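In: using only what follows, build the 3D model:
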Amino acid sequence: MKRAIERLETDRAAEPPTPLREFPLAGPPGTALYLKDESRRPTGSLKHGPARDLLLGALRAGQIGPDTLLFEATSGNMAVAQAYFARMLGLSYTAVVPGRTGAAKRRRIEEQGGRCHPFDPPLAVYGKARALAEESGGYCLDHLERVGDAVDWRGPQSLGAQILADLEKAGESAPVWVVVGVGSGATSAAVGRHLRMRGVGTRVAVVDPEHSAYFPGWAADFPGYTTGMPSRIEGIGRPRMEPAFDPSVVDLVIPVPDVASVAAMRHLHAVTGVMAGPSSGSCLWGAFSVLDRMRREGERGAVVMVVGDVGETYRDSYYDDSWVVGKGWRVEGPLSDMERFTATGAWGVSGG
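Out: Have a look, this model is predicted:
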(Lines give C-alpha, C1' and ligand atoms only; values in the text may rest on other atoms or scores of the structure.)
Protein backbone atom coordinates (compact mmCIF):
# COMPACT_ATOMS: atom_id res chain seq x y z
CA MET A 1 0.00 0.00 0.00
CA LYS A 2 2.91 2.32 -0.66
CA ARG A 3 0.77 4.28 -3.11
CA ALA A 4 -1.96 4.71 -0.49
CA ILE A 5 0.53 6.06 2.05
CA GLU A 6 1.93 8.48 -0.51
CA ARG A 7 -1.58 9.67 -1.36
CA LEU A 8 -2.43 10.42 2.25
CA GLU A 9 0.89 12.14 2.89
CA THR A 10 0.47 14.25 -0.25
CA ASP A 11 -3.04 15.17 0.84
CA ARG A 12 -1.76 16.29 4.25
CA ALA A 13 1.04 18.35 2.72
CA ALA A 14 -1.38 20.07 0.33
CA GLU A 15 -4.02 20.95 2.92
CA PRO A 16 -3.83 24.64 3.86
CA PRO A 17 -3.82 25.75 7.51
CA THR A 18 -7.20 26.55 8.99
CA PRO A 19 -8.00 30.22 9.69
CA LEU A 20 -7.09 32.06 12.86
CA ARG A 21 -9.70 34.71 13.69
CA GLU A 22 -9.63 37.33 16.41
CA PHE A 23 -12.69 37.45 18.64
CA PRO A 24 -13.86 41.09 19.12
CA LEU A 25 -13.34 41.44 22.85
CA ALA A 26 -13.63 44.71 24.78
CA GLY A 27 -11.66 43.52 27.77
CA PRO A 28 -9.69 42.79 29.79
CA PRO A 29 -6.99 45.19 28.57
CA GLY A 30 -3.75 43.72 27.29
CA THR A 31 -5.34 40.44 26.30
CA ALA A 32 -6.67 39.01 23.04
CA LEU A 33 -8.76 35.99 22.11
CA TYR A 34 -8.22 34.08 18.88
CA LEU A 35 -10.29 31.30 17.32
CA LYS A 36 -8.41 28.50 15.56
CA ASP A 37 -11.19 27.41 13.23
CA GLU A 38 -10.81 23.66 12.70
CA SER A 39 -14.37 23.52 11.38
CA ARG A 40 -12.84 24.58 8.04
CA ARG A 41 -11.25 21.19 7.53
CA PRO A 42 -12.54 19.36 4.42
CA THR A 43 -14.85 17.18 6.51
CA GLY A 44 -15.87 19.99 8.84
CA SER A 45 -14.09 19.12 12.07
CA LEU A 46 -10.78 18.78 13.87
CA LYS A 47 -11.17 14.99 13.58
CA HIS A 48 -10.04 15.27 9.96
CA GLY A 49 -6.31 15.11 10.66
CA PRO A 50 -6.44 12.40 13.34
CA ALA A 51 -8.58 10.22 11.04
CA ARG A 52 -5.94 10.47 8.32
CA ASP A 53 -3.19 9.73 10.85
CA LEU A 54 -5.05 6.60 12.01
CA LEU A 55 -5.18 5.26 8.47
CA LEU A 56 -1.55 6.15 7.83
CA GLY A 57 -0.48 4.30 10.97
CA ALA A 58 -2.44 1.19 10.04
CA LEU A 59 -1.10 1.25 6.47
CA ARG A 60 2.50 1.55 7.64
CA ALA A 61 1.97 -1.34 10.06
CA GLY A 62 0.63 -3.54 7.26
CA GLN A 63 -2.79 -3.86 8.90
CA ILE A 64 -4.65 -2.47 5.89
CA GLY A 65 -4.36 -3.84 2.36
CA PRO A 66 -6.01 -2.92 -0.95
CA ASP A 67 -9.15 -4.93 -0.18
CA THR A 68 -9.39 -4.54 3.60
CA LEU A 69 -12.86 -3.77 4.96
CA LEU A 70 -12.70 -0.97 7.54
CA PHE A 71 -14.91 -0.69 10.62
CA GLU A 72 -15.31 1.84 13.42
CA ALA A 73 -17.68 2.39 16.34
CA THR A 74 -18.77 6.01 16.18
CA SER A 75 -21.53 8.11 14.67
CA GLY A 76 -19.81 11.48 14.89
CA ASN A 77 -17.21 13.57 13.13
CA MET A 78 -14.56 10.86 13.34
CA ALA A 79 -16.76 8.56 11.26
CA VAL A 80 -17.31 11.27 8.66
CA ALA A 81 -13.57 11.89 8.35
CA GLN A 82 -12.67 8.21 8.26
CA ALA A 83 -15.24 7.56 5.54
CA TYR A 84 -13.76 10.45 3.52
CA PHE A 85 -10.25 8.98 3.62
CA ALA A 86 -11.46 5.42 3.07
CA ARG A 87 -13.17 6.56 -0.12
CA MET A 88 -10.00 8.41 -1.16
CA LEU A 89 -8.19 5.07 -0.95
CA GLY A 90 -10.98 3.03 -2.53
CA LEU A 91 -11.69 1.09 0.68
CA SER A 92 -15.02 -0.03 2.11
CA TYR A 93 -15.91 1.69 5.39
CA THR A 94 -18.65 0.83 7.91
CA ALA A 95 -19.50 2.86 11.01
CA VAL A 96 -21.28 0.90 13.73
CA VAL A 97 -23.69 3.43 15.23
CA PRO A 98 -26.24 3.32 18.07
CA GLY A 99 -29.71 2.44 16.82
CA ARG A 100 -31.11 5.82 17.84
CA THR A 101 -28.62 7.71 15.65
CA GLY A 102 -30.59 10.25 13.64
CA ALA A 103 -30.96 10.30 9.87
CA ALA A 104 -28.93 13.51 9.52
CA LYS A 105 -25.89 12.02 11.27
CA ARG A 106 -26.10 8.84 9.22
CA ARG A 107 -26.43 10.86 6.05
CA ARG A 108 -23.17 12.75 6.73
CA ILE A 109 -21.30 9.44 6.92
CA GLU A 110 -23.02 8.07 3.84
CA GLU A 111 -22.31 11.24 1.84
CA GLN A 112 -18.61 10.49 2.30
CA GLY A 113 -19.04 6.97 0.96
CA GLY A 114 -19.43 5.14 4.27
CA ARG A 115 -22.08 2.72 5.45
CA CYS A 116 -23.90 2.77 8.79
CA HIS A 117 -24.58 -0.39 10.79
CA PRO A 118 -27.09 0.41 13.56
CA PHE A 119 -26.67 -1.62 16.74
CA ASP A 120 -27.97 -1.58 20.30
CA PRO A 121 -27.41 -1.14 23.17
CA PRO A 122 -25.27 1.93 22.45
CA LEU A 123 -22.30 0.86 24.58
CA ALA A 124 -22.13 -2.43 22.65
CA VAL A 125 -21.17 -0.74 19.38
CA TYR A 126 -17.46 -1.02 20.19
CA GLY A 127 -17.56 -4.77 20.57
CA LYS A 128 -19.77 -5.09 17.51
CA ALA A 129 -17.33 -3.16 15.31
CA ARG A 130 -14.48 -5.41 16.42
CA ALA A 131 -16.60 -8.52 15.84
CA LEU A 132 -17.59 -7.43 12.32
CA ALA A 133 -13.96 -6.77 11.48
CA GLU A 134 -12.89 -10.17 12.78
CA GLU A 135 -15.70 -12.03 11.00
CA SER A 136 -14.91 -10.39 7.66
CA GLY A 137 -11.14 -10.44 7.89
CA GLY A 138 -11.27 -6.66 8.01
CA TYR A 139 -9.76 -4.07 10.34
CA CYS A 140 -11.32 -2.08 13.17
CA LEU A 141 -9.74 1.36 13.36
CA ASP A 142 -10.75 1.63 17.06
CA HIS A 143 -9.91 5.31 17.38
CA LEU A 144 -10.50 5.56 21.12
CA GLU A 145 -7.69 3.07 21.72
CA ARG A 146 -5.30 4.01 18.93
CA VAL A 147 -5.62 7.68 18.04
CA GLY A 148 -3.30 8.92 20.78
CA ASP A 149 -0.36 7.01 19.32
CA ALA A 150 -1.34 7.76 15.72
CA VAL A 151 -1.54 11.55 15.77
CA ASP A 152 1.54 13.37 14.47
CA TRP A 153 2.07 16.08 17.12
CA ARG A 154 5.67 16.92 16.29
CA GLY A 155 5.40 18.01 12.68
CA PRO A 156 4.97 21.50 11.21
CA GLN A 157 1.39 20.72 10.19
CA SER A 158 0.30 19.61 13.65
CA LEU A 159 -2.31 21.74 15.39
CA GLY A 160 0.15 22.99 18.01
CA ALA A 161 2.64 24.04 15.33
CA GLN A 162 -0.06 25.81 13.32
CA ILE A 163 -1.26 27.77 16.35
CA LEU A 164 2.25 29.06 17.06
CA ALA A 165 2.87 29.91 13.40
CA ASP A 166 -0.49 31.67 13.06
CA LEU A 167 0.13 33.87 16.10
CA GLU A 168 3.61 34.76 14.88
CA LYS A 169 2.08 35.93 11.59
CA ALA A 170 -0.44 37.98 13.59
CA GLY A 171 2.42 39.69 15.42
CA GLU A 172 1.72 37.92 18.70
CA SER A 173 3.97 35.94 21.00
CA ALA A 174 3.11 32.37 21.91
CA PRO A 175 -0.31 32.23 23.59
CA VAL A 176 -0.63 32.23 27.35
CA TRP A 177 -3.37 29.58 27.09
CA VAL A 178 -4.77 27.23 24.49
CA VAL A 179 -8.31 26.05 25.23
CA VAL A 180 -9.55 22.78 23.71
CA GLY A 181 -12.34 20.30 24.22
CA VAL A 182 -11.74 16.68 25.14
CA GLY A 183 -13.38 13.66 23.57
CA SER A 184 -10.83 10.96 22.90
CA GLY A 185 -8.19 13.20 24.50
CA ALA A 186 -5.96 13.13 21.40
CA THR A 187 -6.20 16.85 20.60
CA SER A 188 -5.23 18.12 24.04
CA ALA A 189 -2.42 15.58 24.17
CA ALA A 190 -1.07 16.50 20.75
CA VAL A 191 -1.26 20.25 21.35
CA GLY A 192 0.19 20.02 24.85
CA ARG A 193 3.09 17.81 23.76
CA HIS A 194 4.01 20.09 20.89
CA LEU A 195 3.93 23.20 23.07
CA ARG A 196 6.14 21.56 25.68
CA MET A 197 8.53 20.31 23.01
CA ARG A 198 8.87 23.90 21.79
CA GLY A 199 9.36 25.21 25.34
CA VAL A 200 7.13 28.25 24.83
CA GLY A 201 5.47 28.18 28.26
CA THR A 202 1.92 28.04 26.90
CA ARG A 203 -0.58 26.36 29.20
CA VAL A 204 -3.34 24.01 28.04
CA ALA A 205 -6.87 24.24 29.41
CA VAL A 206 -9.36 21.48 28.68
CA VAL A 207 -13.12 22.06 28.91
CA ASP A 208 -15.34 19.24 30.10
CA PRO A 209 -19.15 18.97 30.00
CA GLU A 210 -21.48 17.50 32.59
CA HIS A 211 -21.47 13.71 33.09
CA SER A 212 -17.93 13.42 31.72
CA ALA A 213 -15.07 11.75 33.57
CA TYR A 214 -12.19 14.05 32.65
CA PHE A 215 -12.65 16.83 35.20
CA PRO A 216 -13.28 14.62 38.24
CA GLY A 217 -10.63 12.12 37.13
CA TRP A 218 -8.05 14.87 36.54
CA ALA A 219 -8.88 16.67 39.80
CA ALA A 220 -8.59 13.44 41.80
CA ASP A 221 -5.56 12.22 39.82
CA PHE A 222 -7.48 9.00 39.20
CA PRO A 223 -7.32 7.85 35.55
CA GLY A 224 -9.74 5.01 36.27
CA TYR A 225 -12.60 7.39 37.08
CA THR A 226 -15.90 6.58 35.34
CA THR A 227 -19.32 8.21 35.36
CA GLY A 228 -21.41 5.63 33.51
CA MET A 229 -23.32 8.47 31.83
CA PRO A 230 -23.03 9.89 28.30
CA SER A 231 -22.22 13.51 27.57
CA ARG A 232 -25.01 15.69 26.25
CA ILE A 233 -22.55 17.94 24.40
CA GLU A 234 -21.69 16.36 21.08
CA GLY A 235 -18.03 16.06 20.25
CA ILE A 236 -16.66 16.14 23.80
CA GLY A 237 -17.05 14.34 27.10
CA ARG A 238 -16.67 10.65 27.84
CA PRO A 239 -17.91 8.38 30.66
CA ARG A 240 -14.29 7.33 31.22
CA MET A 241 -10.87 8.90 30.73
CA GLU A 242 -9.76 7.53 27.37
CA PRO A 243 -6.23 6.17 26.75
CA ALA A 244 -5.24 9.10 24.49
CA PHE A 245 -5.76 11.67 27.26
CA ASP A 246 -2.43 12.81 28.71
CA PRO A 247 -2.93 14.66 32.00
CA SER A 248 0.78 15.48 32.21
CA VAL A 249 0.42 18.11 29.45
CA VAL A 250 -2.87 19.56 30.73
CA ASP A 251 -2.62 22.49 33.15
CA LEU A 252 -6.29 23.02 33.87
CA VAL A 253 -9.60 21.21 33.32
CA ILE A 254 -12.65 23.48 33.40
CA PRO A 255 -16.08 21.93 34.06
CA VAL A 256 -18.64 23.67 31.86
CA PRO A 257 -22.40 23.44 32.50
CA ASP A 258 -24.21 22.07 29.48
CA VAL A 259 -26.51 25.08 29.30
CA ALA A 260 -23.44 27.34 29.19
CA SER A 261 -22.05 25.38 26.22
CA VAL A 262 -25.29 25.88 24.31
CA ALA A 263 -25.49 29.59 25.17
CA ALA A 264 -21.84 30.10 24.21
CA MET A 265 -22.12 28.45 20.80
CA ARG A 266 -24.99 30.82 20.05
CA HIS A 267 -23.00 33.80 21.33
CA LEU A 268 -20.06 32.78 19.15
CA HIS A 269 -22.33 32.75 16.11
CA ALA A 270 -23.98 36.06 16.97
CA VAL A 271 -20.69 37.90 17.50
CA THR A 272 -18.47 36.39 14.79
CA GLY A 273 -20.79 34.69 12.30
CA VAL A 274 -18.96 31.40 12.92
CA MET A 275 -21.61 28.70 13.23
CA ALA A 276 -19.93 25.98 15.25
CA GLY A 277 -20.98 23.00 17.32
CA PRO A 278 -21.65 22.90 21.05
CA SER A 279 -18.12 21.75 21.91
CA SER A 280 -16.91 25.11 20.59
CA GLY A 281 -19.39 26.76 22.94
CA SER A 282 -17.73 24.90 25.79
CA CYS A 283 -14.37 26.19 24.60
CA LEU A 284 -15.57 29.79 24.39
CA TRP A 285 -16.93 29.58 27.94
CA GLY A 286 -13.59 28.16 29.06
CA ALA A 287 -11.68 30.86 27.16
CA PHE A 288 -13.67 33.59 28.90
CA SER A 289 -12.90 31.90 32.22
CA VAL A 290 -9.13 31.90 31.65
CA LEU A 291 -9.23 35.47 30.32
CA ASP A 292 -10.94 36.53 33.53
CA ARG A 293 -8.32 34.64 35.50
CA MET A 294 -5.58 36.47 33.58
CA ARG A 295 -7.23 39.81 34.34
CA ARG A 296 -7.44 39.06 38.05
CA GLU A 297 -3.80 37.96 38.15
CA GLY A 298 -2.54 40.88 36.05
CA GLU A 299 -1.38 38.61 33.24
CA ARG A 300 -1.33 39.77 29.62
CA GLY A 301 -1.17 37.99 26.27
CA ALA A 302 -3.23 35.93 23.89
CA VAL A 303 -5.61 33.03 24.41
CA VAL A 304 -6.40 30.63 21.56
CA MET A 305 -9.52 28.49 21.60
CA VAL A 306 -10.12 25.69 19.12
CA VAL A 307 -13.34 25.65 17.11
CA GLY A 308 -14.02 21.93 16.87
CA ASP A 309 -16.66 21.43 14.20
CA VAL A 310 -19.11 23.10 11.87
CA GLY A 311 -22.54 23.95 13.27
CA GLU A 312 -24.78 23.23 10.29
CA THR A 313 -25.33 19.73 11.64
CA TYR A 314 -26.95 21.18 14.76
CA ARG A 315 -29.57 23.47 13.20
CA ASP A 316 -32.36 21.11 14.27
CA SER A 317 -30.97 20.54 17.75
CA TYR A 318 -28.67 22.90 19.66
CA TYR A 319 -29.64 25.88 17.50
CA ASP A 320 -33.36 25.10 17.69
CA ASP A 321 -35.12 26.92 20.54
CA SER A 322 -37.85 24.33 21.07
CA TRP A 323 -35.34 21.48 21.12
CA VAL A 324 -33.18 23.29 23.68
CA VAL A 325 -36.15 24.09 25.93
CA GLY A 326 -37.18 20.44 25.71
CA LYS A 327 -33.82 19.51 27.21
CA GLY A 328 -34.52 21.80 30.16
CA TRP A 329 -31.84 24.32 29.21
CA ARG A 330 -32.53 28.01 29.80
CA VAL A 331 -29.80 29.88 27.98
CA GLU A 332 -30.77 33.43 28.95
CA GLY A 333 -28.60 33.62 32.09
CA PRO A 334 -25.29 32.36 30.68
CA LEU A 335 -25.93 34.22 27.42
CA SER A 336 -26.25 37.46 29.38
CA ASP A 337 -23.02 36.66 31.22
CA MET A 338 -21.17 36.23 27.93
CA GLU A 339 -22.62 39.34 26.36
CA ARG A 340 -21.52 41.38 29.36
CA PHE A 341 -18.00 39.95 29.29
CA THR A 342 -17.65 40.60 25.57
CA ALA A 343 -18.78 44.19 25.98
CA THR A 344 -17.06 45.11 29.26
CA GLY A 345 -14.57 42.42 30.32
CA ALA A 346 -16.58 41.78 33.51
CA TRP A 347 -17.15 38.07 34.06
CA GLY A 348 -18.91 37.55 37.39
CA VAL A 349 -20.79 34.36 36.49
CA SER A 350 -23.42 33.61 39.09
CA GLY A 351 -22.84 30.23 40.68
CA GLY A 352 -19.25 30.12 39.45
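In: in the stretch 251-352 of the chain, which spans are helices?
Out: 258-272, 278-297, 321-326, 332-344 (DSSP state H, counting those that start in this stretch).
In: pull out the buried positions in the third one.
Out: Right, the one you point to is helix 321-326. residue 324 (16 or more other Cβ atoms under 10 Å). C-beta here means a position set from N, CA and C on the backbone, and glycine is covered the same way.
In: from now on call the first residue 6
Out: All right, first residue 6 from here; so that's helix 326-331.
In: packing partners for it?
Out: Counting contacts by 3 or more Cβ pairs under 8 Å, 6 or more residues apart in numbering; DSSP states H and E, helix 326-331 is packed against no other helix or strand.
In: on that earlier part again, can I get the helices of the stretch 256-357 of the chain in a markdown table including distance to residue 61 and mean pLDDT?
Out: Compiled in a markdown table, the helices of the stretch 256-357 of the chain are given as follows (distance: least, Cβ to Cβ, whole Å; pLDDT from 0 to 100):
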| stretch | distance to residue 61 | mean pLDDT |
| --- | --- | --- |
| helix 263-277 | 32 | 98 |
| helix 283-302 | 25 | 96 |
| helix 326-331 | 38 | 97 |
| helix 337-349 | 39 | 95 |
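In: identify whichever of the ones you listed lies nearest to residue 252.
Out: Of all the helices of the stretch 256-357 of the chain, helix 283-302 sits nearest to residue 252, with 16.6 Å by Cβ to Cβ.
In: quick one on the thing from earlier: make TSV from the helices of the stretch 256-357 of the chain and add distance to residue 185 to it.
Out: As requested, the helices of the stretch 256-357 of the chain are exported to TSV (distance: least, Cβ to Cβ, whole Å):
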stretch	distance to residue 185
helix 263-277	14
helix 283-302	7
helix 326-331	24
helix 337-349	19
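In: out of those, nearest to residue 215?
Out: Nearest to residue 215, of the helices of the stretch 256-357 of the chain and by Cβ to Cβ, is helix 263-277 at 5.0 Å.
In: got the domain ranges for the chain?
Out: 7-48+159-349, 53-153 (automatic domain parsing).
In: how far is the longest one from where the chain is centred?
Out: Read that as domain 7-48+159-349. Relative to its chain's centre, domain 7-48+159-349 lies at 7 Å (Cα atoms, centre = their mean, to the nearest Å).
In: identify each buried residue in stretch 228-241, please.
Out: Quick answer for stretch 228-241 (16+ other Cβ under 10 Å): 230, 232, 236-241.
In: tell me who's in contact with the residue nearest to residue 37 when sequence neighbours are not counted.
Out: Spatial nearest neighbour of residue 37, chain neighbours left out: residue 307 (4.7 Å); criterion: Cβ to Cβ, 6 or more residues apart in numbering. Residues near residue 307 by Cβ atoms under 8 Å, 6 or more residues apart in numbering: 36-39, 172, 177-178, 180-181.
In: for those residues, which one is nearest residue 118?
Out: residue 39 (34.3 Å).
In: the closest one should be in a strand, yeah?
Out: Yes - under DSSP: H, G, I helix; E, B strand; the rest coil, residue 39 sits within a strand.
In: thought it was touching residue 27?
Out: Yes - using Cβ atoms under 8 Å as the test, residue 39 is close enough to residue 27 to be in contact (5.5 Å).
In: show me whatever sits in contact with both of those two.
Out: residue 175.
In: which of the three states applies to residue 102?
Out: Applying three-state DSSP: residue 102 is strand.
In: quick one: closest of the helices of the stretch 256-357 of the chain to residue 192.
Out: helix 283-302 (10.3 Å).
In: report the angle between that closest one and helix 337-349.
Out: On the basis of axes from the mean of the first three to the mean of the last three Cα atoms, to 10 degrees, helix 283-302 is oriented at 50 degrees to helix 337-349.
In: show me what helix 283-302 packs onto, helices and strands only.
Out: Using 3+ Cβ pairs under 8 Å, 6+ apart: helix 283-302 touches strand 36-42, strand 182-186, strand 208-213, strand 257-260, helix 263-277, strand 306-312, helix 337-349.
In: just want the angle from that helix to strand 36-42.
Out: 160 degrees.
In: isn't residue 117 right next to residue 82, touching?
Out: No - in this structure, residue 117 is not within contact of residue 82 by Cβ under 8 Å, at 10.9 Å.
In: shared neighbours of these two, which are they?
Out: residue 48.
In: more crowded one of the two?
Out: When residue 117 and residue 82 are compared for neighbours, residue 82 comes out ahead with 30 against 21, by other Cβ atoms under 10 Å.
In: just confirm that one contacts residue 47, I think it does.
Out: No - with contact defined as Cβ under 8 Å, residue 82 does not reach residue 47; the gap is 11.8 Å.
In: ok, residue 167 touching residue 23?
Out: Yes - Residue 167 is within contact range of residue 23, at 7.2 Å (criterion: Cβ under 8 Å).
In: residues shared between the contacts of the two?
Out: Joint contacts of residue 167 and residue 23 (Cβ under 8 Å, 6+ apart) are residue 41.
In: who has more neighbours out of these two?
Out: In this view residue 167 and residue 23 are compared by other Cβ under 10 Å, and residue 23 has more residues nearby, 22 against 18.
In: what's that one in contact with, if anything?
Out: 41-46, 167.
In: where do the strands sit along the stretch 106-255 of the chain?
Out: Ranges of strands in the stretch 106-255 of the chain, per DSSP state E, counting those that start in this stretch, are 120-124, 144-145, 182-186, 208-213.
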